[in-house]
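A.B. asks: Everything below, folded, please.
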Amino acid sequence: MLKRLSSYTFASLLAFALTTSQASGQQPGDMEIRQGVIEQITPVQLQTNHHRGVGAIIGGLGGLGIGSLIGAGTGRDVAMVAGALGGALMGNNVQKRYDQPVPGQQIIVRLKSGVLVAVTQPVDSSLKTGQRVYIEGSGEGARVISQ
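C.D. replies: Predicted structure coming up:
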């Protein structure tokens, strides 16, 4: 039973890793690079990049595994459910402790074409207003880097 549970746990974690790596919308190797000049930099607070619910999922799976080691028959089933619920609650609380906002910056860049682009990213102290920059990527994956 423990071997089967560990294989389910491994399969769940593997599926989660694969879905989060494909969520960016870009294919591996694809990158769009645009050039421009920074017009404005505004400090902002960014939410952490921790995936919500991961703590509860991992805690629930751990609790389920521990609960499966207790008792037999109906008692074992009850222990598994209680372990999964308790683990999910504990995992969620642990994740909340590390889910604090981080400093970031919203950077407005005027491209060579005259179009303004706003990119929000973690603080890069080397970027200054008037500086020539590249914008790599697009959407939430876009980043401003110096030329």
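A.B. asks: At which residues are the helices of this protein located?
C.D. replies: With DSSP state H as the criterion, the chain has helices at 2-22, 54-67, 74-97.
A.B. asks: Out of those helices, which gets the lowest mean score?
C.D. replies: Looking at the helices of the chain, the lowest mean pLDDT belongs to helix 2-22 (a mean of 53).
A.B. asks: biggest strand in this protein by residues?
C.D. replies: strand 33-46 (DSSP state E).
A.B. asks: quick one: strands adjacent to it?
C.D. replies: strand 102-111 (antiparallel), strand 132-136 (antiparallel) (DSSP bridges).
A.B. asks: The residue nearest to residue 132 when sequence neighbours are not counted - how many residues pack around it?
C.D. replies: Nearest in space to residue 132, with sequence neighbours left out and distances taken as C-beta to C-beta, 6 or more residues apart in numbering, is residue 147 at 4.7 Å. C-beta: built from backbone N, CA, C; applies to glycine. Residues lying near residue 147 (other C-beta atoms under 10 Å) number 9.
A.B. asks: To residue 41, which of the strands paired with strand 33-46 lies closest?
C.D. replies: strand 102-111 (5.4 Å; C-beta to C-beta).
A.B. asks: Distance from the chain centre to the closest one, please.
C.D. replies: In terms of C-alpha atoms, centre = their mean, to the nearest Å, the centre of strand 102-111 is set 20 Å apart from its chain centre.
A.B. asks: Let me know the average pLDDT across that strand.
C.D. replies: 90.
A.B. asks: Mind listing what's buried along that strand?
C.D. replies: Across strand 102-111, burial judged by 16 or more other C-beta atoms under 10 Å covers 104-105, 107-109.
A.B. asks: Ok, stretch 110-124 next?
C.D. replies: Neighbour-count burial for stretch 110-124 flags 117, 119, 121 (criterion: 16+ other C-beta under 10 Å).
A.B. asks: for residue 131, what are its contacts?
C.D. replies: 37-38, 146-147 (C-beta atoms under 8 Å, 6 or more residues apart in numbering).
A.B. asks: same check, this time on residue 112
C.D. replies: Here residue 112 is in contact with 34-36 (C-beta under 8 Å, 6+ apart).
A.B. asks: how close does it sit to residue 36?
C.D. replies: Going from residue 112 to residue 36 by C-beta to C-beta, to the nearest Å gives 6 Å.
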